[in-house]
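> Provided below for reference: sequence and predicted model.
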Amino acid sequence: MDEILEILEKDARASAQEIAKMTGKSAKSVSEAIKKYEKQGVILKYKTIINKESLKVNHKIVRALIEVSVTPQKNLGFDFLAERIYKFPEVKSCYLVSGTFDLLLVIEGRDIQTVASFVAEKLAPMEHVRATVTHFLLKKYKEDGDILKGKSENRRIAISY
Amino acid sequence: MKEEKIKISRIVEEIPPSGIRAFFDLVLGMEDVISLGVGEPDFITPWNIREAGIYSLEQGQTSYTSNKGMMKLRLAISRHIKNNYNVSFDPDSEILVTTGVSEGIDLSMRALVEKGDVVLIPTPSYVAYGPLARLAGANARVIKTKFSDGFKLKPQMIDEACDARTKAIVLNYPTNPTGVSYTKKELEGLIKVIKKRNLIVISDEVYSELSFDFKHTPLVTLPLMRERTVYLNGFSKGFAMTGWRVGYACGPKEVIAAMTKIHQYSMLCAPITGQLAAVEALENSKDAVSEMNREYRRRREYVFSGLNELGLKCSRPQGAFYIFPSIEISGLTCDKFAKALLEKERVAVVPGLAFGEGLEKFVRISYASELADLKEALSRISNFLKKIKNR
């Protein structure tokens, strides 16, 4: 992967100038490369990872993993059905997987009822959906490579040779 | 009653105390400091290595090991060197596992030099070589490399520093505190003189994993150098394992036997937990090591261009995680610069004088810190320089 992308993946706020300094390229060529990546859809968007576990609000969001077994359709395979499913805004992620079921979804809702009714009313009755298994997430430890815990303090001694 | 003072051995008394001890104490007593004075990685040891250490404790592996270190580790070291550099060391007689490279330096000095011998030490250099040479009874003779040469050692400098009593030279590359390293071609120039003068080399290559511009060339890979070199390396820097205290020495079997003799009495063996973790480090950490290497390289570029923009001239480091800028523009000597920078802007750097005589116009900056901290530190240094200018 291009070093520019590697840096941005870690810190989306790194400026073209800073990236230029880190890579020995000119700021101009870095911002041109970034623009190109944005245009090509290599860079989709810049997001912030928020540790929602640590938010002091009563209303936390509920997440569930849902296993979906489907009957693939002639000529369309899984893609057609997957598309019908992932277009729902409640579906945050949607993967086709190998194993005992076919689609793995990550669903988000205000509360358990919202998620449950999405599954019962939207997902399960859908034609070609054979079965669903819902796993509510109880606690998040690590997501996309980031450990959701306060930074541990630096234990190095301040000066050493 | 009058208390009688215990008399300390003369040789220890003669070693001058670190001139910047007071500065260190000042740093330690201060809050909110961004320290660029740290000589160790900011990364924590990769988890697979830590996990191997924990597992070994769960298994009750808490005993001494063989003096030379566990065979398993010596085999892994031998394979690692063979695979990376294509030199063979016999794990039975040519490799000794030490308690960090620090012990390796001490052992090689004590095994190789004695009263009347001279050891050459190119400066700026890591602080331990001179004192350890002196503790072994030898004289340390400094070779001052020049800022105008990018602090690179030149063959002629070695030649000029030699006399009949000169027995050994210490090489350390990539170098602490300058980040200087040597290409194969440059090393070939150096070894011509080293062979001509019949010198033994104590080659401290602990930063070998952190070579940014070219592949690191261990001295022992060059023709006829294996016979006259003690190759020291370890896990502290490249694998982020400073606190585990594991290093190794490879060399001619008579030298390793002599070093082992001292080691068996003074150290007995390197800590077993560290040895077992080190096996894991050599076998399964390629990705983690190269990931850290890439991160350091980015920081190097960032800090190098940042410092030059501020007018703190420096040559571009080729390895390790240090940069050694000239602070001439500030008009201050290194001690005053470091103290004022700490007090006014809360950034700690190490005064150049810690690394050799005549280096009062330099400081050592370590970029083994997160980029966000480096960014903040550079902006504080910029403020500091502006204030000096406006005074």
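Received, thanks. Numbering: from 1, shown residues only, chains lettered A, B, ... in the order given.

> center of the chain, which residue is that?
Assuming you mean chain A. residue A:93 (6.4 Å; Cα atoms, centre = their mean).

> look at that one and give its secondary structure.
strand (DSSP: H, G, I helix; E, B strand; the rest coil).

> which parts of chain A sit against chain B?
Contacts of chain A with chain B, taken as Cβ under 8 Å from any Cβ of the partner chain, map to A:3, A:6-7, A:11, A:18, A:21-24, A:154, A:156-161. For glycine as for every other residue, the C-beta is placed from the backbone atoms N, C-alpha and C.

> could you redo the last one with a cut-off of 10 Å?
Counting by Cβ under 10 Å from any Cβ of the partner chain, the residues of chain A close to chain B are A:3, A:6-7, A:10-11, A:14, A:18-25, A:151-152, A:154-161.

> in PyMOL, select just the buried ones from those.
Of the residues of chain A next to chain B, the buried ones can be selected in PyMOL as follows, counting by 16 or more other Cβ atoms under 10 Å in any protein chain shown:
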select buried, chain A and resi 3+7+14+18+19+20+21+22+23+25+156+158+159+161
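
> which residues does the closest residue to residue A:91 other than its chain neighbours contact?
Nearest in space to residue A:91, with sequence neighbours left out and distances taken as Cβ to Cβ, 6 or more residues apart in numbering or on different chains, is residue A:105 at 5.4 Å. Applying Cβ atoms under 10 Å, 6 or more residues apart in numbering or on different chains to residue A:105 gives the contacts A:64-68, A:82, A:85-86, A:88, A:90-95, A:118-119, A:123, A:132, A:134.

> ok, now residue A:54?
A:148, A:149, A:150.

> scan those and report the most crowded one.
Neighbour tally across the contacts of residue A:54 (other Cβ atoms under 10 Å in any protein chain shown): the maximum, 15 neighbours, falls on residue A:148.

> separation between it and chain B?
As judged by Cβ to the nearest Cβ, to the nearest Å, residue A:148 and chain B stand 16 Å apart.

> my guess is that residue contacts residue A:55. True?
No: with contacts counted by Cβ atoms under 10 Å, residue A:148 stays clear of residue A:55, the gap being 11.7 Å.

> circling back to that earlier point, which among the contacts of residue A:105 end up buried?
A:64, A:66-68, A:82, A:85, A:90-91, A:94, A:118-119, A:123, A:132, A:134.

> just these: which are in strands?
A:64, A:66, A:67, A:68, A:91, A:94, A:132, A:134 (DSSP state E).

> reformat those residues as TSV; add distance to residue B:273.
Conversion of those to TSV gives the following (distance: Cβ to Cβ, whole Å):
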residue	distance to residue B:273
A:64	42
A:66	44
A:67	42
A:68	47
A:91	47
A:94	45
A:132	48
A:134	44
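
> biggest separation within the residues you listed, which pair?
Within these, A:94 and A:134 form the most distant pair, 14.8 Å apart (Cβ to Cβ).

> related to what we said a few turns ago, possible to save the contacts of residue A:54 as JSON lines with secondary structure?
Below are those laid out as JSON lines (three-state DSSP):
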{"residue": "A:148", "secondary structure": "coil"}
{"residue": "A:149", "secondary structure": "coil"}
{"residue": "A:150", "secondary structure": "coil"}
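
> could you chop the chain up by domain?
Answering for chain A, as no chain was given. Annotated domains of chain A cover A:3-40, A:54-139 [automatic domain parsing].

> nope, chain B
According to automatic domain parsing, the ranges for chain B are B:10-45+B:287-390, B:62-285.

> look up how far chain B lies from the spatially closest residue to residue A:118 that is not a sequence neighbour.
Of all residues not flanking residue A:118 in the chain, residue A:90 sits nearest, at 5.0 Å (Cβ to Cβ, 6+ apart). Distance of residue A:90 to chain B, given as Cβ to the nearest Cβ: 35 Å.

> right, and residue A:90 touches residue A:119 too?
Yes: the pair residue A:90 and residue A:119 qualifies as a contact (Cβ under 10 Å) at a distance of 9.4 Å.

> what helices or strands is the worst-scoring helix or strand of chain A on mean pLDDT leaning on?
Using mean pLDDT, DSSP states H and E, the weakest-scoring helix or strand in chain A turns out to be strand A:146-147, at a mean of 84. With contacts defined as 3 or more Cβ pairs under 10 Å, 6 or more residues apart in numbering or on different chains; DSSP states H and E, there are no secondary structure elements packing on strand A:146-147.

> direction included, what does it pair up with?
Here strand A:146-147 is paired, per DSSP bridges, with strand A:142-143 (antiparallel).

> next one: the partner strand to chain centre, how far?
10 Å (Cα atoms, centre = their mean, to the nearest Å).

> how about residues contacting it?
A:49, A:51, A:148, A:149.

> kindly recompute the last result at 8 Å.
Contacts with strand A:142-143, where a contact means Cβ atoms under 8 Å, 6 or more residues apart in numbering or on different chains, come from A:49, A:148.

> re the thing from before, hey, which of the domains of chain A is tucked in deepest?
Ranked by mean neighbour count, the domains of chain A are led by domain A:3-40 with a mean of 16 (mean count of other Cβ atoms under 10 Å in any protein chain shown).

> would you mind measuring from residue B:51 to residue B:286?
17 Å (Cβ to Cβ, to the nearest Å).

> give me the pLDDT for the closest residue to chain A within the stretch 251-391 of chain B.
Closest to chain A within the stretch 251-391 of chain B is residue B:298: 4.0 Å, counting by Cβ to the nearest Cβ. Listed pLDDT for residue B:298 reads 95.

> where does it land in three-state SS?
helix.

> correct me, but it touches residue A:23?
Yes: here residue B:298 reaches residue A:23: they are 6.9 Å apart, a contact under Cβ atoms under 8 Å.

> low-confidence ranges in the chain?
Reading this off chain A. For chain A, residues meeting the criterion pLDDT under 70 lie at A:57-59, A:154.

> that was the other one, I meant chain B.
Using pLDDT under 70, chain B drops low at B:1-2, B:19.
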